[in-house]
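Participant: Curious how this folds, go ahead:
(chains A and B)
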Protein chains: 2
Amino acid sequence: MRILVLGAAGMVGRQLIEAIIADDTRLGDKVTEIDAFDVVKPAFDSQAGGITIACSAGNIADEATVRALVDKRPDMIFHLAAIVSGEAEAEFEKGYAINLDGTRYLLEAIRQQDGVYRPRLVFTSSIAVFGAPFEDPITDTFLSAPLTSYGAQKAIGELLLSDYSRKGFVDGVGIRLPTIVVRPGKPNKAASGFFSGIIREPLAGHEAILPVDDSVRHWVASPAAAVGFLLHAATMDTETLGARRCLTMPGLSITIGEMIEALREVAGNEAVALIRRVPDATIEKIVAGWPRDFDASRASDVGFVADNNFANIIRAHIADEAARNAAA
Amino acid sequence: MRILVLGAAGMVGRQLIEAIIADDTRLGDKVTEIDAFDVVKPAFDSQAGGITIACSAGNIADEATVRALVDKRPDMIFHLAAIVSGEAEAEFEKGYAINLDGTRYLLEAIRQQDGVYRPRLVFTSSIAVFGAPFEDPITDTFLSAPLTSYGAQKAIGELLLSDYSRKGFVDGVGIRLPTIVVRPGKPNKAASGFFSGIIREPLAGHEAILPVDDSVRHWVASPAAAVGFLLHAATMDTETLGARRCLTMPGLSITIGEMIEALREVAGNEAVALIRRVPDATIEKIVAGWPRDFDASRASDVGFVADNNFANIIRAHIADEAARNAAA
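Facilitator: Purely as a prediction, here's the structure:
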């Protein structure tokens, strides 16, 4: 089976490919080839186990690039590529070019094959499709009213995915990921970065800035849960979804205060002492517009499994970091 | 004030322009010029009262055509142009080209002016953005989950309109029109055509086919109410809408049986006797997927006014037909 991953150099894309390499039957049929594509060339060995991995770089806002990838007729496609929220807001044209046009080129390249080709396409959407004022919790029938261009582009991608699936051109599943915590690596510039930062940085012995109040509640999932969502979306029976191909993934609704107490439970007071509270009105305002809690019953009912414990997310992060350090 | 109407040859577009001609201060400032555009050349005199009307034909799926219209810097734009539901379902590429690309070209042509130009843009969306299963009644926070490509294209147009408005590129209002009853003119091929046909045809002394059960409930508005929605959307204070620029218009939720009784009240048993019941399983199935009832509080709260009585809709249709016949 041939797999195409768009956005393979990102955190979730990398971990997805690592999970497939670790178990090449995880997607059902044995995976023999992976096309790992991103705007920067993904860094995988060309062979891993019995899998041939072709890494390449390019821009999905270029229609011919997308068509060439689809012309190889992958059996399964993971579309994780996107301009993230902050950048899509700052660079309006770039956000639409990649997040909207890129997604549409992908769907069109699939549709314009022979009319028989109908791959499973897993599309990562986001809870950014929702905007305040919210119902609480947000249910599976709540409107998409995004407050960012990124959210609008993801919501449009969802509508396209459902329509192309309804017409039989593709077998799509869209999954709205919670905020991923704990993200490994360096701090990034996302307004949501502090959710990971207040765990990751103290565990590494570094100070972390907390710009919002301890009472702030958010919807999070671990990297492992996110990879689990992708694998399940790739293999589930899509008949159960009907015409609504996109779902809010189950997550943990947790406050900053509860996250800090979980850090204390796992790593003690010394770690917690490295969190420095520096209230930032701008970030507080952004975060106030974000969803806090969902009733993600539809996804749970069709087998998506959430994290159940934030302390375990922290422990998994520590184990992952140890493995990464051992490999490096 | 210069007005641009895209879709000016359609029923609603024509009646909108007639309403503006009848009262050239209806949109606030005095209207001096109207660009009436459609895929077929609209049939207005070049002068009407003090208004100069320029009629032209073209395809909004052509970016340069749209740009040329916007380059005239209309103060107000009504975007009513669309491939209708049945055609967009049968002709996938054409539906996306006109309903999605055309709308996006319009928004981009506005955005790419000088950065100061920010016209009011009234966009006609549709209750086709909703798909079964529904909540009953459908409230203003219910998700868009269309079951047609037309509905998906309209829902995407709504997301674009809200995002471009949020960014300050345009001052948009999207209005989801109910099914318009009584449509004048010849029967059309829309699956919803019988809702008008069972009133219009008997009033003209012709037989009408009723393909669904008398118990079928639907959400309707008169042509006059639709024009009223457009005029209100053009002149309302959009600050009250916040980031959610699109609204379900208020309508009448009425069953076929109630419509027939209203026809009996206005035109007697002879008219009702011209309705012939010929159940059509295909149409019954399509109609079963349509919304039946809404709680359109948001729109009512900001001043959109619905019809309140179906017999009065029939009487207005009779008066309009008499006026058209006198003019012809």
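
Participant: For chain A, which residues are neighbours of chain B?
Facilitator: Contact residues (CB under 8 Å from any CB of the partner chain) of chain A with chain B: A:92, A:131, A:135, A:140-147, A:149, A:152, A:155-156, A:159-160, A:162-163, A:166-167, A:243-244. Where you see a C-beta, it was placed from the backbone N, CA and C, and this is true even at glycine.

Participant: again, only this time at 7 Å
Facilitator: Within reach of chain B by CB under 7 Å from any CB of the partner chain, chain A has these residues: A:92, A:131, A:135, A:141-145, A:147, A:149, A:152, A:155-156, A:159, A:163, A:167, A:243-244.

Participant: Show me the strands in the stretch 101-250 of chain A, by range?
Facilitator: Taking DSSP state E, counting those that start in this stretch to define them, one finds strands in the stretch 101-250 of chain A at A:120-126, A:171-177, A:179-180, A:208-210, A:217-221, A:246-248.

Participant: For the fifth one, list the C-alpha coordinates in CSV.
Facilitator: Spelled out, it's strand A:217-221. This file holds the C-alpha atoms of strand A:217-221, laid out as CSV (Å, rounded to 0.1, in the frame of the first residue of the first chain):
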residue,chain,number,x,y,z
ARG,A,217,-9.8,26.3,30.4
HIS,A,218,-8.8,24.7,27.1
TRP,A,219,-9.3,21.6,25.0
VAL,A,220,-6.1,19.5,24.5
ALA,A,221,-4.9,16.2,23.2
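
Participant: Show me the strands paired with it, marking each as parallel or antiparallel.
Facilitator: Paired neighbours of strand A:217-221 in the sheet (DSSP bridges): strand A:179-180 (parallel), strand A:252-255 (antiparallel).

Participant: go on, the last one?
Facilitator: The partner list of strand A:246-248 in its sheet, established with DSSP bridges, is strand A:171-177 (parallel).

Participant: Show me what the strand it pairs with is in contact with.
Facilitator: Here strand A:171-177 makes contact (CB atoms under 7 Å, 6 or more residues apart in numbering or on different chains) with A:118-127, A:129, A:158, A:161, A:164-165, A:221, A:226, A:229, A:233, A:236, A:238, A:245-249.

Participant: What subset of the residues you listed is buried?
Facilitator: In the contacts of strand A:171-177, burial by neighbour count holds for A:118-127, A:129, A:158, A:161, A:164-165, A:221, A:226, A:229, A:233, A:236, A:245-249, counting by 16 or more other CB atoms under 10 Å in any protein chain shown.

Participant: What helix or strand is the residue nearest to A:Glu91 when sequence neighbours are not counted located in?
Facilitator: Spatial nearest neighbour of A:Glu91, excluding adjacent residues (CB to CB, 6 or more residues apart in numbering or on different chains): A:Ile83 at 7.2 Å. Assigned by DSSP states H and E, A:Ile83 belongs to neither a helix nor a strand.

Participant: Quick check, A:Ile83 in contact with A:Asn99.
Facilitator: Yes: with contacts counted by CB atoms under 7 Å, A:Ile83 reaches A:Asn99, the gap being 5.6 Å.

Participant: which of those two has more neighbours?
Facilitator: A:Asn99 (25 against 22; other CB atoms under 10 Å in any protein chain shown).

Participant: Flag the helix or strand of chain A with the lowest per-element mean pLDDT.
Facilitator: helix A:281-288 (a mean of 86; mean pLDDT, DSSP states H and E).

Participant: what's next to that one, contact-wise?
Facilitator: With contact meaning CB under 7 Å, 6+ apart, helix A:281-288 is reached by A:Ala191, A:Pro211, A:Val212, A:Val216.

Participant: so what pLDDT did the residue nearest to the second one when sequence neighbours are not counted get?
Facilitator: Closest residue to A:Pro211 apart from its sequence neighbours, by CB to CB, 6+ apart: A:Asp280 at 3.6 Å. On pLDDT, A:Asp280 comes in at 92.

Participant: Tell me if A:Ala8 really is in a helix.
Facilitator: No: per DSSP: H, G, I helix; E, B strand; the rest coil, A:Ala8 lies outside any helix segment and is coil.
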